[in-house]
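[1] got a sequence here, can you build the structure:
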Amino acid sequence: MIGNASPTKTLSRLAPTPVWSFRPDGSVRDLAAPDPLEIDFFAMANALSKIARFNGSNPGIAYTVAQHSVMGAEAIFNETGDTRLAAWFLLHDGEEAMLGDKPTPAQRLLVSTLNDASEIAGARAHYCWVQIKCKWREAGWQAACLGLPESIQQAHIDEYDRRMCNAEMLALFGPSARAQLQPVAHAVPLKLKGGIRPWAAMKAEERFIEAACRFIGEDRLHEQRAIHSAHVALNS
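    As a prediction, the model looks like this:
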């Protein structure tokens, strides 16, 4: 359990004019203004438990972003004992609660289509999307009072993300997915807590909250919910 300072609002705007998006209570937030005050980890758990990885293409029920985040965080802790690294991983896709998940093949198609007209346009689109995701991800890390990872820590997060993705592809799609595996520095099996079998949305939400309490701290989660609620009340 970590985090003992109040989150700070230090992130710059992504666009000059507001881009409104619903909060769960029907009020709206400005997606162009990443802000730790907009983060409610309980709402994040609920949203991520309903977002499918791999565009929902696996047989059976969806394998969710919440499950990916929880299983990866637990694997990191099992292998390293590093609570902060596990917490960073748990929230590394947290921005998708705000932005949704744009599957990697769809991102590649967009860049490729734009590159057909102009390589600059394709590169610019990719850069902008990465920046949008990054700024909202950082808002989540700040709301958890984790601070931002150093470059070596970010490299570990990225490596575990690739290892998780490889394990998920093989578990969900079988041996034929082997051709799509990503290169990793450590090809040894992850120390997962159980096999990769899709959880129902309610279980994924509950497990995400349990992992957040373990790696971030239950008090911090409730404190952040109160901060977020006050922010919404003052700005609605």
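[2] Ala167 touches Ile196, doesn't it?
    Yes: contact criterion C-beta atoms under 8 Å: Ala167 and Ile196 qualify, at 6.1 Å. The way it works is simple: take the backbone N, C-alpha and C, and place the C-beta from them, glycine included.
[3] are there residues contacting both of the two? Which ones?
    Common neighbours of Ala167 and Ile196, counting by C-beta atoms under 8 Å, 6 or more residues apart in numbering, are absent.
[4] lowest-pLDDT helix or strand in the chain?
    Here the helix or strand of the chain ranked lowest by mean pLDDT, DSSP states H and E is helix 104-117, holding a mean of 88.
[5] other residues contacting it?
    For helix 104-117, contacts defined as C-beta under 8 Å, 6+ apart pick out Asn55, Ala121, Gly122, Ala123, Ala125, His126, Trp129.
[6] next SSE after that helix?
    Later in the chain than helix 104-117, the nearest helix or strand by DSSP states H and E is helix 119-143.
[7] now the angle between helix 104-117 and that following helix, please.
    Going by axes from the mean of the first three to the mean of the last three C-alpha atoms, to 10 degrees, helix 119-143 is angled at 150 degrees with respect to helix 104-117.
[8] show me what helix 119-143 is packed against.
    The contact analysis (3 or more C-beta pairs under 8 Å, 6 or more residues apart in numbering; DSSP states H and E) places helix 119-143 against helix 96-99, helix 104-117.
[9] quick check: bridge partners of the residue lying closest to Glu38 once chain neighbours are set aside?
    Spatial nearest neighbour of Glu38, chain neighbours left out: Arg29 (5.2 Å); criterion: C-beta to C-beta, 6 or more residues apart in numbering. Beta bridges link Arg29 to Ser21, judged by DSSP bridges.
[10] next one, pLDDT for Arg29 please.
    pLDDT for Arg29: 97.
[11] next: Cys165.
    You'll see Cys165 listed with a pLDDT of 97.
[12] ok so, going back, top of the contacts of helix 104-117 by number of neighbours, please.
    Within those, Gly122 tops the neighbour count with 18 neighbours, counted by other C-beta atoms under 10 Å.
[13] who are the contact partners of that residue?
    By C-beta under 8 Å, 6+ apart, the residues touching Gly122 are Leu110, Val111, Ser112, Thr113, Leu114, Asn115.
[14] that older thread, the residue nearest to Glu38: what's it in contact with?
    Neighbouring residues of Arg29 by C-beta under 8 Å, 6+ apart: Trp20, Ser21, Phe22, Arg23, Glu38, Met98.
[15] now distance to Arg162, pLDDT and neighbour count too, for the residues you listed, in JSON lines please.
    Output for these, formatted as JSON lines (distance: C-beta to C-beta, whole Å; pLDDT from 0 to 100; neighbours: other C-beta atoms under 10 Å):
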{"residue": "Trp20", "distance to Arg162": "34", "pLDDT": "98", "neighbour count": "10"}
{"residue": "Ser21", "distance to Arg162": "29", "pLDDT": "97", "neighbour count": "14"}
{"residue": "Phe22", "distance to Arg162": "32", "pLDDT": "97", "neighbour count": "9"}
{"residue": "Arg23", "distance to Arg162": "32", "pLDDT": "97", "neighbour count": "15"}
{"residue": "Glu38", "distance to Arg162": "29", "pLDDT": "98", "neighbour count": "23"}
{"residue": "Met98", "distance to Arg162": "24", "pLDDT": "96", "neighbour count": "22"}
